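K.L.:
okay, sequence plus prediction incoming.
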Amino acid sequence: MMKRSIFGKHLQAYIALFLGILCVGFAAVFVKIANVPGPVAAFYRVLIASIVIAPLSLTKTRIRPTANDTIVVIIGGIIFSLTLALWNTSVLLTSAATATLLVNSAPLWVGITSYILFRENLPKGYWIGLVVATIGMMWLIGAEAYEQLHFNSGNLLALGASATYSAYLLITQKTRSRVDLLTFMSISLLSSVVVLFLFNIAIGAKLTGYSNQTWITLICLGLVSQLGGWLGINYALGHICAARVSVWLLSESVATGIIAMIFLNEYLHLNQIIGGTMILVGIYFVTQSNK
């Protein structure tokens with residue numbers, strides 16, 4: 001009798017989740033290699049992904065979302081565009097692994113906001129995780145500030161991206177259950193494209209005239225990290241409980257760290273390992289407490 005797989009009947013979903021996390025883990029590396037302003041990289045990331053996914057959404061016969069749901073998704077796309085602009089800029093100012101780690105602290109802020117605004121009762125495990133992760137962030141940012149004699153603006157921008165990402169999750173969480181994946185992603189991405197285009201025009205950012213290497217890297221950012229990564233993760237969410245997926249998503253910063261060592265020669269310092277480990281442990285407690 002064959003021994004049952006530890007993944008049960010959802011092996012395909014776990015493979016999709018692993019590949020999705022790996023694809024998203026490349027995002028910071030692509031941004032570093034492209035070396036264009038953060039809002040520019042964010043614009044091409046969503047533009048390239050939307051060029052592929054919008055036609056797919058139109059070819060499928062689906063129930064149209066209500067006007068209210070459409071508005072919520074558009075607002076979510078606007079907030080997501082801000083998240084990408086902040087995070088992409090942070091990647092250029094700090095290490096890829098640190099920027100990815102800090103932006104993924106979003107579950108902490110989601111919990112706090114839910115408690116304050118919606119009076120949700122949070123289990124003890126959440127508060128333990130919050131304390132541990134907060135100490136880890138203070139250690140990580142404080143140690144780097146001490147070493148460099150000033151606060152790393154990249155770390156602060158990554159925390160800002162984490163806050164806006166939390167707002168995105170809170171605003172869209174109920175709508176995502178009512179709107180199908182392709183429609184949700186299409187509307188969200190297209191609204192992000194419009195906002196980021198206007199923002200880049202407003203700040204006078206250069207959108208053309210880059211090298212072939214930069215264009216190839218930006219295409220990879222859109223197709224691999226945005227489209228491939230989130231399709232894999234969202235597919236997994238349709239077959240695996242969100243609590244389990246959220247724990248797996250903690251490995252994104254680990255994947256980014258390994259990829260950055262290979263392609264960018266970025267190696268983690270002791271304070272990054274200590275602070276990063278504490279943040280991961282804290283977020284693990286938070287996600288486990290939501291099961």
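P.N.:
It's in. Numbering: from 1, shown residues only.
K.L.:
Q12 - how many residues pack around it?
P.N.:
Burial of Q12 is recorded as 12 neighbouring residues (other CB atoms under 10 Å). Placement of C-beta: from N, CA and C, glycine included.
K.L.:
the helix or strand hosting T134 - what's its average pLDDT?
P.N.:
Assigned by DSSP states H and E, T134 belongs to helix 124-148. In this model, helix 124-148 has an average pLDDT of 74.
K.L.:
what do you get for stretch 155-163?
P.N.:
Mean per-residue pLDDT for stretch 155-163: 91.
K.L.:
what's the distance between stretch 47-64 and the middle of its chain?
P.N.:
Distance of stretch 47-64 from the chain centroid (CA atoms, centre = their mean, to the nearest Å) equals 21 Å.
K.L.:
got it, and stretch 25-39?
P.N.:
Chain-centre distance of stretch 25-39: 13 Å, with CA atoms, centre = their mean.
K.L.:
same thing with stretch 256-263?
P.N.:
Centroid separation between stretch 256-263 and its chain, computed with CA atoms, centre = their mean, is 17 Å.
K.L.:
so which bits of that stretch are buried?
P.N.:
Neighbour counts over stretch 256-263 (16 or more other CB atoms under 10 Å) mark 256-257, 259-260 as buried.
K.L.:
same question, stretch 34-44
P.N.:
By neighbour count with 16+ other CB under 10 Å, stretch 34-44 contains the buried residues 34, 36-44.
K.L.:
before we move on, what about stretch 46-60?
P.N.:
The neighbour-count criterion (16+ other CB under 10 Å) identifies 46-50, 53-54, 57 as the buried residues of stretch 46-60.
K.L.:
ok, stretch 60-74 next?
P.N.:
Across stretch 60-74, burial judged by 16+ other CB under 10 Å covers 65, 69-70, 72-74.
K.L.:
quick check: the farthest pair among the buried residues of stretch 256-263?
P.N.:
G257 and I259 (7.4 Å; CB to CB).
K.L.:
which neighbours do the two share?
P.N.:
A96 (CB atoms under 8 Å, 6 or more residues apart in numbering).
K.L.:
quick one: name whatever helix or strand follows the helix-or-strand element of the chain with minimal mean pLDDT.
P.N.:
Lowest on mean pLDDT, DSSP states H and E among the helices and strands of the chain sits helix 242-248, with a mean of 66. Later in the chain than helix 242-248, the nearest helix or strand by DSSP H and E is helix 251-263.
K.L.:
dump that following helix to CSV, restricted to CA.
P.N.:
This file holds the C-alpha atoms of helix 251-263, laid out as CSV (Å, rounded to 0.1, in the frame of the first residue of the first chain):
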residue,chain,number,x,y,z
SER,A,251,9.1,31.9,2.4
GLU,A,252,9.0,34.7,-0.2
SER,A,253,11.6,36.7,1.6
VAL,A,254,13.7,33.6,2.0
ALA,A,255,13.4,32.9,-1.7
THR,A,256,14.3,36.5,-2.5
GLY,A,257,17.4,36.3,-0.2
ILE,A,258,18.7,33.2,-2.0
ILE,A,259,18.0,34.6,-5.4
ALA,A,260,19.7,37.9,-4.5
MET,A,261,22.8,36.1,-3.3
ILE,A,262,23.0,34.3,-6.6
PHE,A,263,22.2,37.1,-9.0
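K.L.:
isn't N88 right up against N35?
P.N.:
No - at 10.9 Å, N88 does not count as touching N35 under the criterion of CB atoms under 8 Å.
K.L.:
so what sits against both of those two?
P.N.:
By CB under 8 Å, 6+ apart, no residue touches both N88 and N35.
K.L.:
low pLDDT regions in this protein?
P.N.:
Scanning the chain for pLDDT under 70 picks out 1-9, 61-62, 141-151, 241-244, 246-247, 287, 289-291.
K.L.:
lovely, talk soon.
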